[in-house]
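# Just the structure for this:
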Amino acid sequence: MMQVISPFSSSVATVPFGKTIHISFLLITAWIWLSSVVSSFAELQHFQHPIKPDGSLSFLVVGDWGRKGLYNQSEVAFQMGLVGQKLDIDLVISTGDNFYEDGLTGVDDPAFNESFTTIYTAPSLKKQWYNVLGNHDYRGDVEAQLSHILREKDKRWLCLRSFILKAEFVEFFFVDTTPFVDQYFSDPGDDTYDWKGVSPREDYLSNLLRDVDAALKKSNAEWKIVVGHHTIKSAGHHGVTKELVEQLVPILEANSVDMYINGHDHCLEHISDSNSQIQYLTSGGGSKAWRGDVHRWDPEELKLYYDGQGFMSMQMTQKQVHIAFYDIFGKVLHTWNISKELHSST
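This is a model prediction of the structure:
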């Protein structure tokens, strides 16, 4: 006879010796399964954000910004403050590459204050910021950006690898896109990436894709918006990210996602997919832009391409969405209205 201690309770069971291998195997298998489930679902934590009493939600989107105010980052931040006040925004979304060139060195890196806290000072921007990681963030200490210590330094800051944000009629699915890109693993050049929370990569991506798919299927939100750093459809410098087209797009299309919002290309861009009607929105003009770096795209799909700095706003109700893109002078470059009954541009 031998004693078996279950990982699910504090009780001790006495079993015949011949049964030891069978029962232990079952317990170990169950424990491994439970651990994998807990680990997987930890990637998709859920957060809630209230909407306004009138049933609306307004927010700004900015990406590729963290340059200590340089390359017009401060000018973009100033206009964000003005537009944010006018629209009475509820939150801000960052599409990644939060700190150039190589992320943060740790939780005490002064770049957090120099590129974030002392730049986005307008009262209207004192709202919750929801952030994803970009490839430049992965060149530094990733855990620093995810740390609760930064949230204590500036309560606006919330950054996770992947997570879900629910605001009544809309759900945002924030997806960690950097680990999808093969080049960062096979040919990183002189760059060093912090993969501590990602390895083994195959398991990480498999779990993430499964959980995003399951969460989208489960969602009953009127609007489903996926946010990531890397481009899926873009006429900009980086262009199409083939790994996301192959692995993530089928999930977006199968689950009737309305919009995919990203940064990575340092521009402002709107592509309306002719096959799925997903709106691909690039807001990567938070600081340094790539003037003249544009490739040909189907003009029927390409509604906006602006190779300068700026940001995007979105005003939502249960049935209507209004999108606008702004340059560093606050000029409106492009608007787009969407309803569940009608898609129209202005």
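
# Quick one: find the helix or strand in this structure with the lowest mean pLDDT.
strand 2-5 (a mean of 36; mean pLDDT, DSSP states H and E).

# Which residues belonging to stretch 60-73 are considered buried?
60-69, 71-73 (16 or more other CB atoms under 10 Å). Any C-beta I mention is one placed from the backbone N, CA and C, and that applies to glycine too.

# Mind checking which of the residues you listed land in strands?
Members of these lying in strands (criterion: DSSP state E): 60-62.

# Return the closest of those with respect to Gln85.
When these are ranked by distance to Gln85 (CB to CB), Leu60 comes first, at 11.0 Å.

# Give me the distance between the two termini of stretch 96-106.
Using CA to CA, to the nearest Å, one end of stretch 96-106 lies 17 Å from the other.

# what comes into contact with it?
Identification of contacts with stretch 96-106 by CB atoms under 8 Å, 6 or more residues apart in numbering yields 63-67, 109, 111-112, 115-116, 131-142, 144-145, 159, 178, 194, 228-229, 263-264, 284, 287-288.

# how distant is it from the center of its chain?
Relative to the centre of its chain, stretch 96-106 is centred 15 Å away, using CA atoms, centre = their mean, to the nearest Å.

# and the closest residue to His136 other than its chain neighbours, how many neighbours?
Nearest residue to His136, sequence neighbours excluded (CB to CB, 6 or more residues apart in numbering): Asp97, at 4.5 Å. Around Asp97 there are 30 other residues, counting by other CB atoms under 10 Å.

# Numbering from 41 from now on, please.
Yep, numbering from 41; the last one is Asp137 now.

# Asp137: helix or strand, and which one exactly?
Element membership of Asp137 [criterion: DSSP states H and E] is none; it lies in no helix or strand.

# quick one: pLDDT of it?
Predicted confidence (pLDDT) for Asp137: 98.

# Which residue ranges make up the domains of the chain?
Following automatic domain parsing, the chain resolves into domains at 41-82, 85-385.

# quick one: which of these has the weakest pLDDT on average?
Looking at the domains of the chain, the bottom one is domain 41-82 with a mean of 39.

# The stretch 241-386 of the chain: helices as residue ranges?
Assigned by DSSP state H, counting those that start in this stretch, the stretch 241-386 of the chain shows helices spanning 241-258, 282-287, 289-294.

# Now distance to Ser96 and mean neighbour count too, for these, in TSV please.
TSV is the format used below for the helices of the stretch 241-386 of the chain (distance: least, CB to CB, whole Å; neighbours: other CB atoms under 10 Å):
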stretch	distance to Ser96	mean neighbour count
helix 241-258	24	16
helix 282-287	31	14
helix 289-294	25	17
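
# Show me the one of the ones you listed that comes nearest Ala117.
helix 282-287 (28.8 Å).

# quick one: contacts of that closest one?
Here helix 282-287 makes contact (CB under 8 Å, 6+ apart) with 217, 220-222, 245, 249, 268, 270, 272.

# hmm, back to that, which of the buried residues of stretch 100-113 lies closest to Asp128?
Lowest distance from Asp128 to the buried residues of stretch 100-113 (CB to CB) belongs to Leu100, with 11.4 Å.

# Show me the beta-bridge partners of that closest one.
Val132, Ser353 (DSSP bridges).

# ok, now which ones touch it?
Leu100 neighbours (CB under 8 Å, 6+ apart): 120, 123-124, 127, 129, 132-133, 165, 351-354.

# Pull the most distant pair out of these.
Leu165 and Met354, at 15.4 Å, using CB to CB across the contacts of Leu100.

# More neighbours: these two, which one.
Neighbour comparison, Leu165 and Met354: the larger count goes to Met354, with 25 against 19 (by other CB under 10 Å).

# isn't the more buried one right up against Val101?
Yes: contact criterion CB atoms under 8 Å: Met354 and Val101 qualify, at 6.9 Å.

# for the stretch 41-190 of the chain, what spans make up the helices?
Assigned by DSSP H, counting those that start in this stretch, the stretch 41-190 of the chain shows helices spanning 60-82, 113-127, 151-152, 182-186, 188-193.

# Figure out how far the third one is from the centre of its chain.
Once both centres are worked out by CA atoms, centre = their mean, helix 151-152 turns out to sit 20 Å from its chain's centre.

# same question, the second one
Between the mean C-alpha point of helix 113-127 and the mean C-alpha point of its chain there is a distance of 21 Å (CA atoms, centre = their mean).

# what does that helix contact?
Applying CB under 8 Å, 6+ apart, the external contacts of helix 113-127 come out as 98, 100, 102, 105-107, 109, 129, 132, 155, 159-165, 167, 325-327, 349-351, 353, 355, 366-370.

# repeat that with 6 Å
Helix 113-127 has contacts (CB atoms under 6 Å, 6 or more residues apart in numbering) with 98, 100, 105, 107, 159-160, 162, 164-165, 326-327, 349, 351, 353, 368, 370.

# Those in strands, which ones?
98, 100, 351, 353.

# a markdown table please, covering those residues and showing distance to Lys257.
Putting the ones in strands among the contacts of helix 113-127 into a markdown table (distance: CB to CB, whole Å) gives the following:
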| residue | distance to Lys257 |
| --- | --- |
| Ser98 | 28 |
| Leu100 | 29 |
| Phe351 | 32 |
| Ser353 | 29 |
